[in-house]
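Engineer: Just the structure for this:
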Amino acid sequence: MSFKEYYEYYLTLHQNKWCRRLHVLGNIVTISYISYMITAQIWVMLLLAPIVVYPFAWSGHFFFENNQPAAWTRPLWAKLADWTMMKDMFLGKIPW
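Structural biologist: The predicted model follows:
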């Protein structure tokens, strides 16, 4: 399966606008978290950066989509697809 095919599948798991919005919020919090840890020079805490998004994203799946998060099966592709979805939302390709 190519990433393009995976991304199309990934979008089927994110049809609810509130789920997508929670993913974006989680990514923004992740960026803020990384920025703070770098500014405060708390380098070891950067190891937690990849999981900061999960409470936001997974609550979107449990409360709005009622499905299993994609990160449970392909975590690296799911992370890349998550950032791609956010980009597509900012570009207007996916509705908010």
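Engineer: what's the longest helix in this protein?
Structural biologist: Using DSSP state H to define each element, the chain has its longest helix at helix 17-39.
Engineer: ok, which stretches of the protein are helices?
Structural biologist: 3-12, 17-39, 54-60, 75-90.
Engineer: Which one of those lies nearest to Pro69?
Structural biologist: helix 54-60 (5.4 Å; C-beta to C-beta). In short, each C-beta sits where N, CA and C put it, glycine included.
Engineer: So for the longest helix of the chain, mean pLDDT?
Structural biologist: Helix 17-39 shows a mean pLDDT of 97.
Engineer: Would you mind finding the most buried of the helices of the chain?
Structural biologist: Most buried of the helices of the chain by mean neighbour count (mean count of other C-beta atoms under 10 Å) is helix 54-60; its value is a mean of 18.
Engineer: Would you mind listing the outside residues contacting it?
Structural biologist: Applying C-beta atoms under 8 Å, 6 or more residues apart in numbering, the contact partners of helix 54-60 are 14, 16, 18-23, 25-26, 29, 69, 71, 82.
Engineer: Would you format the residues you listed as a markdown table with distance to Tyr6 included?
Structural biologist: Listed next are these as a markdown table, based on distance: C-beta to C-beta, whole Å:
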| residue | distance to Tyr6 |
| --- | --- |
| His14 | 13 |
| Asn16 | 19 |
| Trp18 | 23 |
| Cys19 | 18 |
| Arg20 | 17 |
| Arg21 | 22 |
| Leu22 | 21 |
| His23 | 16 |
| Leu25 | 23 |
| Gly26 | 20 |
| Val29 | 24 |
| Pro69 | 14 |
| Ala71 | 12 |
| Asp82 | 12 |
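Engineer: if we can go back for a sec, tell me which strands and helices the longest helix of the chain is in contact with?
Structural biologist: helix 54-60, helix 75-90 (3 or more C-beta pairs under 8 Å, 6 or more residues apart in numbering; DSSP states H and E).
Engineer: Go through the helices of the chain and name the closest to Leu48.
Structural biologist: helix 17-39 (7.8 Å).
Engineer: So what's the gap between that closest one and the chain middle?
Structural biologist: Its chain's C-alpha centre and that of helix 17-39 lie 8 Å apart, by C-alpha atoms, centre = their mean, to the nearest Å.
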